[in-house]
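**Q** Show me how the following folds:
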Amino acid sequence: MKIETKIARFTKPLYLESGRILEPWQIIYETYGELNEDKSNVILITHALSGSHHAAGKYEGDRKPGWWDSLIGKGKAIDTEKYFVISTNVIGSCFGSTGPMSPIYPGSDERYRLKFPVITIKDMVKAQKILLDSLGIKKLKAVIGGSMGGMQALRLAVDYPGFAENIIPIATTYQTKPYVIAINKSMIETIRADSEFKNGNYKPGTELKGLAAARMIGYLNYISPSTFEKKFGREYVKTDGMFELFGRFQVESYLEYNGANFPKWFDALSYIYLLKAISLFDISRGFNSLDEAFSQIKDKLFLISFSGDTLFFPQEMRDIKKYMDKVGGKCQYFEIDSDYGHDSFLVEVDKFDYLISEILKGDLDARF
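**A** Numbers count the residues shown, from 1 in each chain. Predicted structure coming up:
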């Protein structure tokens with residue numbers, strides 16, 4: 001599989017939903033496969049909160065492949081022998097696109113930090129559209145993303161009707177609910193309470209314990225209670241004493257391990273900014289109603305949810321289907337039987353990859 005990583009730099013201002021601008025700005029992106037002559041085989045992949053542009057394949061020296069490698073590649077559901085796949089890193093993230101730890105001006109030692117503007121899902125999608133325009137791509141075969149990536153897919157469908165033939169949001173919502181906003185707030189305040197955070201003025205590369213703790217909070221909602229039960233039960237760490245105050249259950253050890261690793265590769269400020277973007281997400285903002293927002297969608301919308309998702313509950317995607325039916329849109333809904341939890345879209349690809357394949361081939365179009 002041919003993999004290329006590129007950075008697109010833009011000098012024209014990116015006008016944000018907040019009224020502020022980014023100038024200059026850049027997006028890092030990765031491509032897989034070959035673009036056909038008429039540029040009709042392009043699939044855009046949009047990532048979740050802690051994802052990146054590295055969705056598939058391996059870089060030299062990598063132990064693990066990209067985060068959706070089981071879905072993207074030769075002979076896989078998103079077949080790179082057929083499709084030209086573009087995976088972008090959203091603005092605000094920390095893997096090469098403009099974000100809070102970027103220099104304010106090229107070559108400057110001063111970083112944005114908390115001076116970085118609040119960004120939204122709409123801003124992320126606008127930046128992606130500008131990138132695609134610069135590449136001469138006038139139409140997408142599909143846009144596919146899970147969680148925050150699903151928000152981007154849905155936003156693109158509303159803001160740029162007719163641009164993507166197939167819209168495939170997975171494990172997402174149309175409007176972030178108070179429960180998730182509260183979770184995000186808890187994670188943000190955990191980071192801010194870390195004395196090493198220093199109001200955003202920590203040294204780049206600092207492995208903040210507050211970020212580690214915030215990630216542990218996140219895991220409570222990415223994995224379902226039943227999965228915690230199956231994986232760990234009430235097993236205790238064999239080397240810890242049962243009556244040591246900080247002796248650990250296996251589930252606690254798991255959270256500690258994953259929490260401690262997270263600050264090694266993700267930035268605290270980016271985490272805060274992206275959590276804010278998720279909390280702000282509301283597909284109807286800028287419209288008079290949800291009906292009006294969903295009536296903008298002219299493309300084929302395929303919704304995929306998981307029965308055991310305890311972050312973005314299946315009912316939220318069923319509601320999207322109801323709105324689409326109400327406004328006469330083309331929409332199909334699929335609920336995957338799974339008790340793993342929200343992260344099913346990452347770890348149980350084998351349960352839905354056939355759907356992606358059928359959608360891309362047009363096998364499900366007759367159902368409209």
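
**Q** All the helices of this structure, residue numbers only.
**A** For the chain, applying DSSP state H gives helices covering 121-134, 148-159, 178-192, 209-222, 225-232, 250-261, 268-280, 290-294, 314-326, 344-347, 353-361.

**Q** how close does F262 get to A164?
**A** The gap separating F262 from A164 is 32 Å, by C-beta to C-beta, to the nearest Å. No exception for glycine: its C-beta is placed from N, CA and C like everyone else's.

**Q** Please apply the same query to N221.
**A** Distance from N221 to A164, by C-beta to C-beta: 29 Å.

**Q** Tell me which of the helices of the chain sits most buried.
**A** helix 148-159 (a mean of 27; mean count of other C-beta atoms under 10 Å).

**Q** can you put the helices of the chain in TSV and add distance to W25 and mean pLDDT?
**A** Converted to TSV, these look like this (distance: least, C-beta to C-beta, whole Å; pLDDT from 0 to 100):
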stretch	distance to W25	mean pLDDT
helix 121-134	7	98
helix 148-159	17	98
helix 178-192	24	98
helix 209-222	24	97
helix 225-232	39	96
helix 250-261	30	97
helix 268-280	14	98
helix 290-294	27	98
helix 314-326	31	98
helix 344-347	28	98
helix 353-361	31	98
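
**Q** Between those helices, which one is closest to P100.
**A** The closest of the helices of the chain to P100 is helix 268-280. By C-beta to C-beta, the value is 4.0 Å.

**Q** on that earlier part again, can you check which of the helices of the chain gets nearest to S305?
**A** Nearest of those (C-beta to C-beta): helix 314-326, 4.2 Å.

**Q** per-residue confidence averaged over stretch 53-60?
**A** The average pLDDT for stretch 53-60 rounds to 93.

**Q** measure K12 to R318 for me?
**A** From K12 to R318 the distance is 40 Å (C-beta to C-beta).

**Q** got it, and G210?
**A** 36 Å.

**Q** This protein - how does it break down into domains?
**A** Domain ranges of the chain: 3-175+284-367, 180-277, per automatic domain parsing.

**Q** quick one, what contacts the closest residue in space to A171 that isn't next to it in sequence?
**A** Leaving aside its chain neighbours, A171 sits nearest to F345 (4.4 Å; criterion: C-beta to C-beta, 6 or more residues apart in numbering). By C-beta atoms under 8 Å, 6 or more residues apart in numbering, the contact list for F345 reads 48, 146-147, 170-171, 304, 306, 352.

**Q** Now with 7 Å, please.
**A** When contacts are counted by C-beta atoms under 7 Å, 6 or more residues apart in numbering, F345 is found next to 146-147, 170-171.

**Q** cool, A293 as well?
**A** Neighbour list for A293: 158, 283-284, 287 [criterion: C-beta under 7 Å, 6+ apart].

**Q** For the residue nearest the centre of the chain, give me its contacts.
**A** When C-alpha atoms, centre = their mean is applied to the chain, the residue found nearest the centroid is A48 (1.5 Å). Residues in contact with A48 (C-beta under 7 Å, 6+ apart) are 146-149.

**Q** In the residues you listed, find the pair that's most separated.
**A** G146 and M148 (8.1 Å).

**Q** M101 and L22, how far apart?
**A** 14 Å.

**Q** Compare those two (neighbour count), which wins?
**A** Per other C-beta atoms under 10 Å, whichever of M101 and L22 has more neighbours is L22, with 22 against 18.

**Q** Now the more buried one. Nearest residue, chain neighbours left out?
**A** Nearest to L22 is L14, by C-beta to C-beta, 6+ apart, at 4.4 Å.

**Q** same check, this time on L154
**A** P169 is the one closest to L154 (C-beta to C-beta, 6+ apart), at 4.8 Å.

**Q** do you know how far the residue nearest to the centre of the chain is from G19?
**A** 27 Å.

**Q** Kindly report the same for I7.
**A** 27 Å.

**Q** between these two, which one's more packed in?
**A** I7 (12 against 7).

**Q** Quickly list what the more buried one is bridged to.
**A** Beta-bridge partners for I7, by DSSP bridges, are I28.

**Q** For K203, the count of nearby residues, please.
**A** Neighbour tally, K203, other C-beta under 10 Å: 7.

**Q** State the pLDDT value of it.
**A** pLDDT, K203: 95.

**Q** now swap in the one 4 residues further on and tell me
**A** pLDDT recorded at E207 is 96.

**Q** just E335 next, same as before
**A** 98.

**Q** Now do it against P225, distance only.
**A** 19 Å.

**Q** can you check Q250 too?
**A** Where P225 is concerned, Q250 sits at a distance of 15 Å (C-beta to C-beta).

**Q** Check K39 too.
**A** K39 is 46 Å from P225, by C-beta to C-beta.

**Q** hmm, back to that, quick check on the contacts of A293: which are buried?
**A** 158, 283-284 (16 or more other C-beta atoms under 10 Å).
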